[in-house]
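Enquirer: Whatever this is, show me its structure:
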Amino acid sequence: MRHGRAMAMAMMLGMGSASASAQVPATLEGRAEANAVVHPGAPPLRVRVPEGAAYVGGERFNLYGVADCEIHVFVEADADRRIRRFFWVQYESYLPSRPDARYDYGESDRRMELWGAAAWARSFIIDTGRAPRPGSDTERVREIVTRAGYTAPPYLMAVRLVRLLDDPQGTGYGRRELMLIYAEDMAPSGTTPAEVITDGAPNSRWAPLEGPLIERAAAAFAVEAH
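Expert: Got it, this is the predicted structure:
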């Protein structure tokens, strides 16, 4: 069972899912150290982003009433604090009240070997002018970025990379995940969403952009035991 991440690329314009406030403590488990997030979970991990990225904040909350969610956000920006790239680190796990729920990536996302384990990749485009769903993880990220005084370009090309923390066999199913989202300003690509999406689906013009984008996303993060 998933709560809304397995969507087509066009649907990811303004991605998000609702949240509630009970059952999850507000205290962060992870901590930021320079250009990394250190998290004590099982397994304890350190997630690194590029050295030039600035940490802009983190939050922990109940996502959609079903999951414990913790996010940490880093950005690279120009002198006017306009975002060029951002790096979103998210730990998420289903609550005990949802004992039968599972994340499912095996049939929807591209399987990759990253950081010594299976990872699941999906590319999409973010329309920053479209309001996110109230209470969503996307809404939280935008609030963090805005409070820190940064602005986003109209469109971002993005990649979601997921490592399921309780799926050592790499089946694509599990209850605990580390989700990493990499995004960059779409303008330097010389194209727009209208040119790469046809009838709600990516067209042939997206493929030449997608491969290098996924490579840049994978290179932007390093995940290691600590």
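
Enquirer: And what about Thr146, helix, strand or coil?
Expert: helix (DSSP: H, G, I helix; E, B strand; the rest coil).

Enquirer: How many neighbouring residues does it have?
Expert: If you count neighbours by other CB atoms under 10 Å, Thr146 ends up with 12. Using the backbone N, CA and C atoms, a C-beta is placed for each residue, glycine as well.

Enquirer: And for the one 5 residues further on?
Expert: Here the number of neighbours of Thr151 (other CB under 10 Å) works out to 12.

Enquirer: which ones are touching it?
Expert: Asp80, Arg81, Arg82, Ile83 (CB atoms under 8 Å, 6 or more residues apart in numbering).

Enquirer: mind running it again at 7 Å?
Expert: Arg81, Arg82, Ile83 (CB atoms under 7 Å, 6 or more residues apart in numbering).

Enquirer: Quick one: distance of the worst-scoring helix or strand of the chain on mean pLDDT to the chain centre.
Expert: Confidence across the helices and strands of the chain bottoms out at strand 201-202, with a mean of 92, counting by mean pLDDT, DSSP states H and E. Strand 201-202 sits 20 Å away from the centroid of its parent chain (CA atoms, centre = their mean, to the nearest Å).

Enquirer: Could you find the closest non-adjacent residue to Leu161?
Expert: Leu180 (4.5 Å; CB to CB, 6 or more residues apart in numbering).

Enquirer: for that neighbour, helix, strand, or coil?
Expert: Per three-state DSSP, the local secondary structure of Leu180 is strand.

Enquirer: What score does it have for pLDDT?
Expert: Looking at Leu180, its pLDDT is 98.

Enquirer: Give the buried residues for the following helix or strand past the least confident helix or strand of the chain.
Expert: With elements assigned by DSSP states H and E, the helix or strand that comes after strand 201-202 is helix 207-220. Across helix 207-220, burial judged by 16 or more other CB atoms under 10 Å covers Leu209, Glu210, Leu213, Ile214, Ala217, Ala218, Ala220.

Enquirer: Having no further points to raise, I will conclude here.
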